[in-house]
Each structure stands twice: as C-alpha cells, then as structure tokens.
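*Asks:* I would like the atomic coordinates for the input below:
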Amino acid sequence: MIRPKRLDSILDAVGNTPLMRLSRLERDTPGVEIYAKLEFQNPGGSVKDRAAREIFLDAIARGELTRDRVLIDSTSGNTGVAYSLMGAALGYRVALVMPSNVSQARKDITRAFGTEIIFSDPLEGSDGAIRLAGKLVAEQPDRYYYPDQYSNPSNPGAHYRTTGVEILADVGDRITHFVTGLGTTGTMMGTTRRLKEHARPVRCVAAQPSESLHGLEGLKHLPSSLVPAIYDGALPDETMWITTEDGWDMTDRLWDEHAMLVGHSAGANAFAAWSIAKDLSARGETGCVVTILCDRGDRYFPKMKWERLYTW
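*Replies:* Residues are numbered from 1 along each chain as shown. Below you'll find the predicted structure:
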C-alpha cells in the first residue's frame with residue numbers, strides 16, 4: 001500500500017496516507033500503542049479527499065454528473081475544498097453552500113479552484129447549509145447535480161475500500177480499537193464496516209462533541225443535529241463524548257510534542273484514542289488504538305479562534 005512516485009493525476013495522490021505512532025502520548029499508556037492516520041497529507045489537506053474523489057468518479061460513471069450540470073453540495077469546509085480540487089482536476093463545475101462564518105482560508109481555497117460559493121445562515125450551522133442546498137436543487141433540478149455527502153453511499157464506500165484496508169495493511173492483527181469523530185459519519189461507517197470483517201475483533205468507537213454548542217468544527221453532536229442518512233447507529237460499539245476543552249488541549253499537545261499542525265477535530269480524535277489507551281493500560285491490558293488526524297490546522301487560523309473564556 002505505497003503511494004506511487006509518478007502520478008497521472010492529482011486524484012492518484014489521494015489515500016495511502018502514513019500511519020504514525022504517537023509515541024509521546026504512549027508515555028501515559030504503558031503497554032498500549034496509539035497510531036494516527038495522517039489524512040492531512042491528502043492533496044486537499046483532509047480526509048474528505050477520499051469521499052469527494054469517490055463521489056465524483058461514481059457519479060460520472062453512472063452518467064448522473066455531466067459537463068452541463070453543476071455539482072452542488074453543502075459543506076462546512078473540508079469537503080468543499082475536496083470537491084473544488086476534484087472539479088478542477090476533472091473539468092467539472094462546482095458550487096458549494098456553506099455557513100458564512102466558515103474560515104476565510106476555506107473560502108479563499110475553494111474560490112481559487114473556480115468554485116462558486118453560496119452562503120447560508122451562520123446561526124443554522126451545517127444543518128442550515130443542508131436545507132439551503134436542497135432548496136436550490138428543488139428549484140433548479142436541471143442545473144444542479146446534488147450528491148448529498150450525508151446520504152451518498154460513495155462517502156462511506158470510499159473508506160470501506162481504502163481507509164480500512166490501509167489500516168489493516170499497516171497494523172494487521174495488532175489493532176484492537178478504532179476511534180474517530182462523527183461529521184458526515186462516512187469515515188466511521190466505512191472504516192468500521194471493513195474492520196468488522198477482519199478475523200480479529202476490533203472495537204470501534206464513535207466520538208462526538210459533548211454539547212450541541214461546541215468548538216470542534218467538522219464534528220456533529222448528533223442528538224441536536226440532522227442525523228446523516230448514511231449513519232448506522234448499530235455499527236459503533238461505543239460512543240465517547242468529547243469536550244471542546246479536551247479536544248483543543250490535545251490539539252496543542254500534538255503541535256508541541258509531535259510537531260503536527262492539525263485541526264481540532266483531529267485533536268478530539270487523538271484525545272479519544274489516548275483516553276481508550278489510558279483505560280486499557282490502567283486495567284493492565286495491552287492493545288493497539290488507531291485514529292484519524294482529519295486535517296491541517298492552518299486553515300483554522302483566520303477568524304476562527306475559539307476563546308476559552310467564552311461560555312457556550
């Protein structure tokens with residue numbers, strides 16, 4: 001599972017990301033290994049490149065996305081960057097519906113690829129963007145192709161065919177636990193389905209923000225949100241609730257101790273993995289916990305600083 005050195009297209013650079021051992025976190029978890037999939041090394045800078053590539057290619061193969069239609073979808077940022085990258089590479093037009101308060105970096109990146117941005121109410125968050133995208137498509141069905149990442153089987157399918165396979169290729173029978181946060185839920189659903197087919201049992205844990213108002217951009221608090229159609233609540237073996245403070249503190253720790261400038265959803269995932277590993281170690285058990293580092297942290301800097309003293 002080695003990324004080729006010579007590529008025919010930027011699409012070939014998606015996937016086969018490194019799996020890195022978080023050895024400094026393991027100082028707190030004797031006997032338990034912690035690994036993280038470095039998804040920020042995808043060409044679009046996030047795990048969303050996998051789903052966007054699969055969604056594009058599947059839609060083109062089925063004849064649903066044609067040159068005379070515009071691919072439109074709702075996004076809080078990373079999927080939008082991925083769609084924009086794929087559209088530019090393949091020669092298809094892209095329009096994105098996103099809350100107007102997403103970071104300026106994400107607006108600038110998507111526009112650089114020629115993408116049209118349609119802003120939704122920032123107070124309605126990602127759910128408001130979903131509703132507006134559906135309204136636009138209903139009004140102009142011939143103009144738009146609407147893949148709807150929240151209900152599109154190509155989203156989890158990408159992770160079933162790539163992410164889960166790559167993890168098993170790297171750690172094989174050593175893996176005991178997999179944990180990742182829920183956004184569209186595609187990463188969790190697809191990877192878990194593949195890991196559950198492995199000969200050795202793997203406990204798969206879904207991480208969610210502990211409150212509806214939180215600072216872990218990209219993650220969903222499902223009890224207060226529109227639940228994605230691709231989500232199957234029976235798949236995860238357990239749900240972990242992560243506070244904004246814990247996710248942000250772990251992000252700082254990844255920056256300081258591992259020199260990885262990642263976003264705060266990655267910090268939340270790493271905190272969940274570290275917590276599982278600490279619990280196993282405290283019980284005298286061994287294990288191997290794998291998680292996902294979703295994206296880079298640089299695109300969060302402009303106008304998105306979370307104030308710790310603010311009361312959500």
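
*Asks:* what ranges of the protein fall below the confidence cut-off?
*Replies:* 1-4, 301-312 (pLDDT under 70).

*Asks:* let's see 50
*Replies:* 303-312 (pLDDT under 50).

*Asks:* select the longest helix from it.
*Replies:* Ranked by residue count, the top helix of the chain under DSSP state H comes out as helix 264-282.

*Asks:* tell me how far that one lies from the chain's centre.
*Replies:* 17 Å (C-alpha atoms, centre = their mean, to the nearest Å).

*Asks:* just the CA atoms of the very next helix or strand once past it, as CSV, please.
*Replies:* For helix 264-282, the following helix or strand on the C-terminal side (DSSP states H and E) is strand 287-293. Provided in CSV are the C-alpha atoms of strand 287-293 (Å, rounded to 0.1, in the frame of the first residue of the first chain):
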residue,chain,number,x,y,z
GLY,A,287,-3.7,-3.0,22.9
CYS,A,288,-3.3,-1.0,19.7
VAL,A,289,-5.6,2.0,19.2
VAL,A,290,-5.9,3.7,15.8
THR,A,291,-7.5,7.1,15.0
ILE,A,292,-7.7,9.7,12.2
LEU,A,293,-6.0,13.0,12.1
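
*Asks:* on contacts alone, who are the packing partners of strand 287-293?
*Replies:* strand 32-38, helix 164-171, strand 177-181, helix 264-282 (3 or more C-beta pairs under 8 Å, 6 or more residues apart in numbering; DSSP states H and E). (Each C-beta comes from the backbone N, C-alpha and C, glycine too.)

*Asks:* helices and strands around the longest helix of the chain, which ones?
*Replies:* strand 32-38, strand 177-181, strand 203-209, strand 238-242, helix 244-258, strand 287-293.

*Asks:* between strand 32-38 and it, find me the angle.
*Replies:* Here the directions of helix 264-282 and strand 32-38 differ by 160 degrees (axes from the mean of the first three to the mean of the last three C-alpha atoms, to 10 degrees).

*Asks:* circling back: what's the closest of the helices and strands packed on helix 264-282 to residue 281?
*Replies:* The closest of the helices and strands packed on helix 264-282 to residue 281 is strand 32-38. By C-beta to C-beta, the value is 4.9 Å.

*Asks:* outside of the closest one, which residues touch it?
*Replies:* 17-22, 25-26, 47, 163, 166-167, 170-171, 174, 260, 266, 269-270, 273-274, 277-278, 280-281, 285-293 (C-beta atoms under 8 Å, 6 or more residues apart in numbering).

*Asks:* relative to that strand, what are the paired strands and their orientations?
*Replies:* Partners of strand 32-38 in the sheet, by DSSP bridges, are strand 19-21 (antiparallel), strand 287-293 (parallel).

*Asks:* angle of that strand against helix 164-171?
*Replies:* Going by the same axes, to 10 degrees, strand 32-38 makes 130 degrees with helix 164-171.

*Asks:* after strand 32-38, which helix or strand is next?
*Replies:* helix 48-62.

*Asks:* buried set for that following helix?
*Replies:* 48, 49, 50, 51, 52, 53, 54, 55, 56, 57, 58, 59 (16 or more other C-beta atoms under 10 Å).

*Asks:* tell me the bridge partners for the nearest residue to residue 40 once chain neighbours are set aside.
*Replies:* In space, and not counting its chain neighbours, residue 40 is closest to residue 296: 4.4 Å by C-beta to C-beta, 6 or more residues apart in numbering. Going by DSSP bridges, residue 296 is paired in beta bridges with residue 262.
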